[in-house]
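Colleague: Quick one: sequence and predicted model below, then my questions.
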Amino acid sequence: MAAAEFKVPKIDEYPVIPHLQEDAMAHSQPYIAKPDFQEKLGFPGELVDNWKEVAIDKMGELTGKYRSLQVFLDSCVKCGACTDKCHYYLGTADPKNMPVARQDLFRKVYRRYHTLSGKLFPKLVGAEDLTEEVLDDWYSYFHQCSQCRRCSVYCPYGIDTAEISMAAREVMDAVGKGQKYCNEIIGKVHVIGNNLGLPEPALADTLEGLEEDVEEETGATVRFPLDVKGADVLLVTPSADFFAEPHIDGLIGYAKVFHQAGISWTLSSFASEAANFGMFIGSYENMQKLALRIRQAAIDLGVKRIVFGECGHAWRVAYSFLNTLAGPFDFLDQDYPVPQHICEVTHSLIQEGKLTLDASQNDDMVITYHDSCNVARASRMGDRPGGQFEIPREIIKAVCNNYVDMPSYSIKEGTYCCGGGGGLLTDDLIELRVKGALPRMEALKNVVDNYGVTHMAAICAICKSQFSKVFPYYDFSMDQVVSLHQLVSNAIVLPPDEDSLPGEEQAEAA
Amino acid sequence: MSVLTIIFAVLFYMATAILLVFTAHKIWLYAKTPAPLKIPTTPAPTTRSGVVFRMVKELTIFESLFKASKWTWLFGWLFHFGLLLVLLRHLRYFTDPVWAWVTFLQPFGKYAAFIMLAGLAGLWARRIFVDRVRYISAPSDHLMLLLLIAIGVTGALMTFVNHADIVALKAFLLGLMAFDWSPLPNDFVLIVHLSLVILLMIIFPFSKLLHAPGIFFSPTRNQVDNPRERRHVVDWANKLESSKTG
């Protein structure tokens, strides 16, 4: 599947709503989780014999536990407002990628077994038996939703397909048909503490290397502390920040900000992952278990604040759910929100004049900014609604002289997902990822062609990885995506350490 | 008392009971089902009063739908606004004396039938001609529009073309409410109109018409965006707390 041939969509001058191509993406399915990974998370290893009964019961359990699911399944009037809003529909033309059609894969089964009209008149109301074909469709199409919530912005009842996708994945896990990518990763975090399975020694080694790199480049000793008890700030960041490009340049940016502001901080090897894939599979229990590692690390290290690095879905779980899942955080400094986003920290420091910035360091770039879906539509920064749009832009404008927004329909609350969110950032779904990126690529091409934009900044590990991968399919180069804090890192003026001054200065003078 | 009167009196009581009991049951179900996580679609209001304002905008001007599709918004809004006026005008058949503001609305309410029908026609046209909307439509989605159009057309026929004995109808309806029955006028268009309305009342709690109560319970719209400031935990989540460390 991974190597399957497919056609990269053509970028039109203006966005076009495609005509339906039925089953265009029916073949797209991620690898199934192996039994031992399933069982580690408390799910059956393989498809259970009585899977239909289990699935139908699980569906009933979930509608009883989640008001969102119950209300959303009942309320849709099929008005069609969402039909042209999903990037996967726009990129694939498969009608089952229209949000309402995706929901209906689940809703038709709900109607058949859990509503009077569906029990009595299934054909009339579009209710259907749960069959192997339906389950197969679920596995395909609920893994073609990145839970980006764009559809929910436009729905007159706020129906959020992400909620349905999470429920469907939870039902599939309950019958033993889990997704390899998500479930293996969650297993790694439960045991090791991060998505990559990076153990403490490797992490320590990586951070040490970074300290050396930064010192070499700037002459300043910028620390990347790990497991330092008594630090003020615990930084929780996606593990991709430790090694992937351009993520790592963002991590260097966070470190420089803390360094210049004189804030003592530390990473934790126990909670070395900001992302919480428990949300992707709709599992409250797994999500909570992952969130509690962060609470534990904060207690063990005796920190006063928790700050999250650049990550989209992670920030949703952190901002919207962490207090619920792992709170109360009354043992932390209440003068700061718990948790804080790194952008909130940097933004305040810029406002207070505590950072020395030279925006001309980024003069070789014309920047645009990609609002990450879950930051935009499922969280906030600062104390005002919409702070999640303003704060990152204000930071970029403080560190760059050339900034241009992409077309208004494609940013802020209308932003398009990168195409790789929600547990889909895996090579077995590359066709989906490339096609799903189309709307963002169109918007980017618009500002590249018209305003000479050279780079796009992002604040999400998934977005950065996804764009690095799919840019070349659309004739952009992979280094055109940058971390927001990479721009901060470039602009921040760090005086070289006192003790390292003479040698270097003399060398230059000579 | 004619057989017709008895049949319709019984049907009206039955339909009203079904509408009230089953809709109330759904509302009770929505109210008691917990919302364990904060999931407002952001940017969202940070205060309760802000949420009320957001909901009022959704209910009156269909704000989200306006963002989504101007045609669907136009037809949908025309239909709902027309329906509202028409329903308010119908209060005159259930009140004696008729409230002054209902009398004032009378001329607007009469012509609102055309607004309502125009909206319904537009919505049906989209359902038939836009391939995406056609794809997502079940037979019931078409029939629901047909039912509403038929109710509107029969109603407008009686208002503008073939006047029914409205005085006798009002006596019938007031009689129903007072449990002191009066005869129902035997008028074909009226009987069709009333039959369809009874059908609609029965279908309501079992159909997508549940969007009417549902919107009030939609967590993405009615939640306050304050998860960092106030800890939000529901009962079933609290029971998981025992596993918590720290």
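Modeller: Good, I have the coordinates.
Colleague: how close does the residue nearest to A:Tyr336 when sequence neighbours are not counted sit to chain B?
Modeller: Excluding the flanking residues, the one nearest A:Tyr336 by C-beta to C-beta, 6 or more residues apart in numbering or on different chains is A:Arg305, at 4.9 Å. C-beta coordinates here come from the backbone N, C-alpha and C atoms, glycine included. Computed as C-beta to the nearest C-beta, to the nearest Å, the A:Arg305 to chain B distance reads 12 Å.
Colleague: what do you get for A:Gly421?
Modeller: For A:Gly421, the distance to chain B (C-beta to the nearest C-beta) stands at 16 Å.
Colleague: Isn't that residue up against A:Ile462?
Modeller: Yes - applying C-beta atoms under 8 Å as the test, A:Gly421 and A:Ile462 come out as touching, 5.2 Å apart.
Colleague: quick one: contacts for the residue nearest to A:Tyr336?
Modeller: Applying C-beta atoms under 8 Å, 6 or more residues apart in numbering or on different chains to A:Arg305 gives the contacts A:232-234, A:332-333, A:336, A:338-340.
Colleague: So which of these is surrounded by the most neighbours?
Modeller: A:Leu234 (26 neighbours; other C-beta atoms under 10 Å in any protein chain shown).
Colleague: Can you check my assumption that it lies in a helix?
Modeller: No - applying DSSP: H, G, I helix; E, B strand; the rest coil, one finds A:Leu234 to be strand, outside a helix.
Colleague: For it, which residues are in contact?
Modeller: By C-beta under 8 Å, 6+ apart, the neighbours of A:Leu234 are A:265-268, A:271, A:294, A:297-298, A:301, A:303, A:305-307.
Colleague: Can you tell me which of those residues is nearest chain B?
Modeller: A:Ala298 (8.4 Å; C-beta to the nearest C-beta).
Colleague: what's the next secondary structure element after the helix or strand hosting that closest one?
Modeller: Per DSSP states H and E, A:Ala298 falls inside helix A:284-301. Counting by DSSP H and E, the next helix or strand C-terminal to helix A:284-301 is strand A:305-308.
Colleague: Mind jotting down where the strands sit in chain B?
Modeller: For chain B, no strands are identified by DSSP state E.
Colleague: can you list the weak-confidence ranges in it?
Modeller: Scanning chain B for pLDDT under 70 picks out B:242-246.
Colleague: middle-most residue in it, spatially?
Modeller: What sits nearest the mean C-alpha location of chain B, by C-alpha atoms, centre = their mean, is B:Ala212, with 5.3 Å.
Colleague: on that earlier part again, what's the overlap in contacts for A:Gly421 and A:Ile462?
Modeller: A:312-313, A:372.
Colleague: Closest to B:Phe204 out of those?
Modeller: Using C-beta to C-beta, A:His313 is the member of these that lies nearest B:Phe204, at 38.3 Å.
Colleague: Distance-wise, check the closest residue to that closest one other than its chain neighbours relative to A:Cys460.
Modeller: Excluding its sequence neighbours, the residue lying closest to A:His313 (C-beta to C-beta, 6+ apart) is A:Asn374, at 4.7 Å. A:Asn374 sits 8 Å away from A:Cys460, going by C-beta to C-beta, to the nearest Å.
Colleague: And for A:Ser268?
Modeller: 21 Å.
Colleague: Please identify which of the two sits among more neighbours.
Modeller: A:Cys460 (32 against 25).
Colleague: which residues does the more buried one contact?
Modeller: Contacts of A:Cys460 (C-beta under 8 Å, 6+ apart): A:310-313, A:315, A:372, A:374-375, A:418, A:421.
Colleague: is it possible to export the residues you listed to TSV including secondary structure?
Modeller: Below are those laid out as TSV (three-state DSSP):
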residue	secondary structure
A:Glu310	coil
A:Cys311	coil
A:Gly312	helix
A:His313	helix
A:Trp315	helix
A:Ser372	coil
A:Asn374	helix
A:Val375	helix
A:Cys418	coil
A:Gly421	coil
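Colleague: If we go by neighbour counts, what in stretch B:44-53 is buried?
Modeller: B:44-46, B:51 (16 or more other C-beta atoms under 10 Å in any protein chain shown).
Colleague: before we move on, what about stretch A:281-294?
Modeller: A:281-284, A:286-294.
Colleague: These also near chain B: which ones?
Modeller: Taking C-beta under 8 Å from any C-beta of the partner chain as the test, chain B is in contact with A:284, A:288-289, A:292 out of the buried residues of stretch A:281-294.
Colleague: quick one, helices of the stretch 1-150 of chain A?
Modeller: A:35-40, A:51-65, A:67-75, A:87-92, A:99-114, A:116-120, A:122-125, A:132-141, A:150-154 (DSSP state H, counting those that start in this stretch).
Colleague: can you tell if the one helix or strand A:Gly187 maps to touches chain B?
Modeller: According to DSSP H and E, A:Gly187 maps onto helix A:180-191. No - if you take C-beta under 8 Å from any C-beta as the test, helix A:180-191 misses chain B, and the best it gets is 12.9 Å.
Colleague: what does the helix or strand just after that helix contact?
Modeller: Next in sequence after helix A:180-191, counting helices and strands by DSSP H and E, comes helix A:200-218. Residues outside helix A:200-218 that contact it (C-beta under 8 Å, 6+ apart): A:194, A:198, A:220-227, A:242-243, A:248, A:251-252, A:255-256, A:267, A:269, A:272, A:494, A:496, A:500.
Colleague: before we move on, back to that, the helix holding A:Gly187: which residues count as buried?
Modeller: With burial defined by 16+ other C-beta under 10 Å, the residues of helix A:180-191 counted as buried are A:180-189.
Colleague: can you list the residues that contact it?
Modeller: A:30-34, A:37-38, A:40-41, A:43, A:169, A:173, A:194-197, A:273, A:277-278, A:280-281, A:286, A:289-290, A:293, A:423-426, A:428.
Colleague: Stretch A:395-408 too?
Modeller: Residues contacting stretch A:395-408 (C-beta under 8 Å, 6+ apart): A:343, A:346-347, A:350, A:357, A:359-363, A:365-370, A:393, A:411, A:414, A:443-444, A:446-447, A:451, A:453, A:457, A:484, A:487-488, A:490-492.
Colleague: now the helix holding A:Ala298: how far from the chain's centre is it?
Modeller: The chain centroid and the centroid of helix A:284-301 are separated by 19 Å under C-alpha atoms, centre = their mean, to the nearest Å.
Colleague: relative to helix A:284-301, how tilted is the helix holding A:Gly187?
Modeller: 30 degrees (axes from the mean of the first three to the mean of the last three C-alpha atoms, to 10 degrees).
Colleague: send the alpha carbons of helix A:180-191 over as PDB?
Modeller: Extracted in PDB, the C-alpha atoms of helix A:180-191 (Å, rounded to 0.1, in the frame of the first residue of the first chain):
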ATOM      1  CA  LYS A 180      -1.000   0.200  14.000                       C
ATOM      2  CA  TYR A 181       0.500   3.700  13.900                       C
ATOM      3  CA  CYS A 182      -1.500   5.200  16.800                       C
ATOM      4  CA  ASN A 183      -1.700   2.200  19.000                       C
ATOM      5  CA  GLU A 184       2.000   1.400  18.800                       C
ATOM      6  CA  ILE A 185       2.900   5.000  19.600                       C
ATOM      7  CA  ILE A 186       0.600   5.100  22.600                       C
ATOM      8  CA  GLY A 187       2.200   1.900  23.800                       C
ATOM      9  CA  LYS A 188       5.700   3.400  23.600                       C
ATOM     10  CA  VAL A 189       4.700   6.500  25.600                       C
ATOM     11  CA  HIS A 190       3.100   4.300  28.300                       C
ATOM     12  CA  VAL A 191       6.400   2.500  28.700                       C
END
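Colleague: Quick one: mean pLDDT over that helix.
Modeller: Averaging pLDDT along helix A:180-191 gives 94.
Colleague: Same check on stretch A:387-397?
Modeller: Mean predicted lDDT for stretch A:387-397 stands at 98.
Colleague: next one: phi and psi at A:Thr266?
Modeller: phi -160, psi 150 (degrees, to the nearest 10).
Colleague: mind listing the helices for the stretch 351-500 of chain A?
Modeller: Using DSSP H, counting those that start in this stretch, helices in the stretch 351-500 of chain A cover A:373-378, A:387-399, A:430-436, A:438-451, A:461-470, A:484-491.
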